[in-house]
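[1] the following block contains a protein sequence and its predicted model.
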Amino acid sequence: MAAVFGFDSIDVIVLGLALLLAAIVAARNALLSIASWLAGRRLLCFVSLGVLPVVLRLALLPHHPVPTPQVADDFSYLLLGDTLARFRLANPAHPMHRFFEGVFILQEPSYSSIYPLGQGLVLAFGQLVFHLPWAGVALSDGLLCALCYWMLRGWTTPQWSLAGGLLAAIAFGPLSSWMNTYWGGAVSGIAGCLVFGAAARLKSTPRARDAILLGAGLGLELLTRPFEFVLLSGVVLLFFLPRRSLGIASLALLPAIGLMLMQNKAVTGGWTTLPYQLSRYQYGIPTTFTFQPNPVPHRALTAEQQVDYSAQTEAHDIAAQSYVAELARQLRFYRFFFVAPVLLALPFFITALRQYRFTWVALTLAVFGLGEAFYPFFYPHYIAAETCLFLLAAVVALQKMSRFSQDAVLFILTICLGHFIYWYAIHPENALETASSGRATVEERLNSEPGRQLVFVHHSATRSAGEWVQNGADIDSAKIVWAVDLGSEADVALRHYYPDRQAWLLEADTRPPRLSAIR
């Protein structure tokens, strides 16, 4: 952004924010009146909160384009979405599969992602409807923000629900990693909103519709985060819902159970063997809980797989040394769920614990935290089902604080808005390079070449080459096929399999990566 009247662009943004915050304070009563009017229109709030984060992210596309997949998780989920978009749960094992070994992908007995269906479904939706898997990510993120508002309507007043929905759009909207990666987080967050929103409504007025939503939410969590589904089911039982409602919810859960079993059978050959479990047996990753021994691979690993296995083994061993230390380490990541200024009000949530329903909220947060600490890795999307509960705690804390000082609460919310506007405004100047280890640059060059391409990726045995060997669900029909370099003699077999492709050697460990044609 160019300088304006001798001022740097950042100065202009800061000045504009200062004027905006001053205007909000000056127009306090009028803004509160408008918010009260808007809060009374449930459908308008729901739709607006769902559309807002998507529109704001689309507005950034000229400077911050559609995200490029970065890590193995992204590619594995994209493979899952591509598979589902072809209306199948698994792909046949490729006859030359030894060249396509990667991380978090199975090659036998089927060529498949190791992940459950949830995130893959939204990617498949984006691919089928918009020819862009990321469209599914963006829409699921918008739906999460809208459902956070819906969930809060079951727990608090319309005005505070609207405030919570706006906080959700700020925290989990256009600048969130959940909007800008393919491993997501919003799908599990949606599941949590359905469960906790329905539970609150069933507690006051049991209805079959809400019981079905409860079961649907549990089913979506099962299809997204199976371990967290166990934790979620346990805390729901502690909420003491009517037996009839639990019965209806159980019936609504059955389709998800059926889908999970069907995926297991298609991918692993066994109804009860998760793809995740088979990957652990074959490749030793993902690693186990800290109270279990490290898994041992049962097939030869490529250099890249060995690097990943060693890293996960080391992380497992460190976490297993002290449960308390691992718990403390993971708790630091919980700030992801809060817009920073809200933390000033959070202690007021303690005053709400005299009511059992809020004690249950605190207990639920504790159960998830204690359960996750048994796993040596942690990312916020692991506990995304709790997103709306973190939001509820923040909203209730602000509500309690407002009894002492409404001006203090208005100040905090105003700072939250200013904080978001500032980072959103400067985002085009700070848009990150989306290419992963140069893969996107190499792919762009290869796409400009005539005909179809075959790339042998070579890397050392001591250094990860990045996420290079990643392919779609139909490898043979792709413009570019990425393959592991197994040595010139072995590579001849794949070149004979693809006689019509131009072969390349990619030396991935050089900086920048070096691509050369094989004649």
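    Perfect, I can see it now.
[2] strands along the chain, start to end?
    In the chain, the strands defined using DSSP state E lie at 91-92, 105-106, 110-113, 453-458, 480-484, 502-507, 514-517.
[3] and Gly81, which of the ones you listed is closest to it?
    Nearest to Gly81 among the strands of the chain is strand 110-113; the distance by C-beta to C-beta comes to 8.6 Å. To be clear about C-beta, it is placed using only N, CA and C from the backbone, and glycine gets the same treatment.
[4] ok, residues contacting the closest one?
    Contacts to strand 110-113, defined as C-beta atoms under 8 Å, 6 or more residues apart in numbering, come from residues 76-77, 79-80, 83, 89-94, 97, 100, 104-106, 120, 266-269, 275, 473, 475.
[5] try 7 Å
    Contact partners of strand 110-113, identified using C-beta atoms under 7 Å, 6 or more residues apart in numbering, comprise 76-77, 79-80, 83, 90-94, 97, 104-106, 120, 266-267, 275.
[6] average model confidence for it?
    Averaged across strand 110-113, pLDDT comes to 98.
[7] so how far is it from its chain's centroid?
    Mean-position distance between strand 110-113 and its chain equals 21 Å (C-alpha atoms, centre = their mean, to the nearest Å).
[8] next one: stretch 84-92
    In terms of C-alpha atoms, centre = their mean, the centre of stretch 84-92 is found 22 Å from the chain centre.
[9] try stretch 304-321
    Relative to its chain's centre, stretch 304-321 lies at 22 Å (C-alpha atoms, centre = their mean).
[10] quick check, central residue of this protein?
    Gly184 (2.0 Å; C-alpha atoms, centre = their mean).
[11] and the gap between that one and Thr290?
    25 Å (C-beta to C-beta, to the nearest Å).
[12] go on, His131?
    43 Å.
[13] between these two, point out the one with more neighbours.
    Thr290 (19 against 9; other C-beta atoms under 10 Å).
[14] now the more buried one: closest residue in space that isn't a chain neighbour?
    Closest residue in space to Thr290, ignoring its immediate chain neighbours: Ala320 at 4.2 Å, by C-beta to C-beta, 6 or more residues apart in numbering.
[15] can you count the residues close to the residue nearest to Ala252 when sequence neighbours are not counted?
    In this structure, Ala252 finds its nearest non-sequential neighbour in Gly215, 2.6 Å apart by C-beta to C-beta, 6+ apart. Look at Gly215: counted by other C-beta under 10 Å, it has 25 neighbours.
[16] list the contacts for Arg515?
    For the record, residue 515 is Leu, not Arg. Leu515 neighbours (C-beta under 7 Å, 6+ apart): 442, 504, 506.
[17] tell me the bridge partners for it.
    With DSSP bridges as the criterion, Leu515 is bridged to Leu506.
[18] still on that earlier bit, distance of the nearest residue to the residue nearest to the centre of the chain once chain neighbours are set aside relative to Leu232?
    Closest residue to Gly184 apart from its sequence neighbours, by C-beta to C-beta, 6+ apart: Gln119 at 4.7 Å. According to C-beta to C-beta, Gln119 and Leu232 sit 17 Å apart.
[19] who has more neighbours out of these two?
    Gln119 (30 against 25).
[20] from Phe75, how far out is that one?
    13 Å.
[21] same question, Arg501
    From Arg501 across to Phe75, the span is 21 Å (C-beta to C-beta).
[22] okay, these two: which has more neighbours?
    Just comparing Arg501 and Phe75: by other C-beta under 10 Å the higher neighbour count belongs to Phe75, 27 against 18.
[23] and the residue lying closest to Tyr497 once chain neighbours are set aside, backbone torsions?
    Of all residues not flanking Tyr497 in the chain, Met96 sits nearest, at 5.5 Å (C-beta to C-beta, 6+ apart). Taking degrees, to the nearest 10, you get phi -110, psi 40 for the backbone angles of Met96.
[24] ok so, going back, which of the contacts of Leu515 ranks first by neighbour count?
    Leu506 (25 neighbours).
[25] what residues are up against that residue?
    By C-beta under 7 Å, 6+ apart, the residues touching Leu506 are 442, 455-458, 468, 513, 515.
[26] return the set of buried residues in the longest helix seen in the chain.
    Assignment by DSSP state H gives helix 243-268 as the longest helix of the chain. Buried residues in helix 243-268, counted by 16 or more other C-beta atoms under 10 Å: 245-246, 248-249, 252-253, 256, 259-260, 263-264, 266-268.
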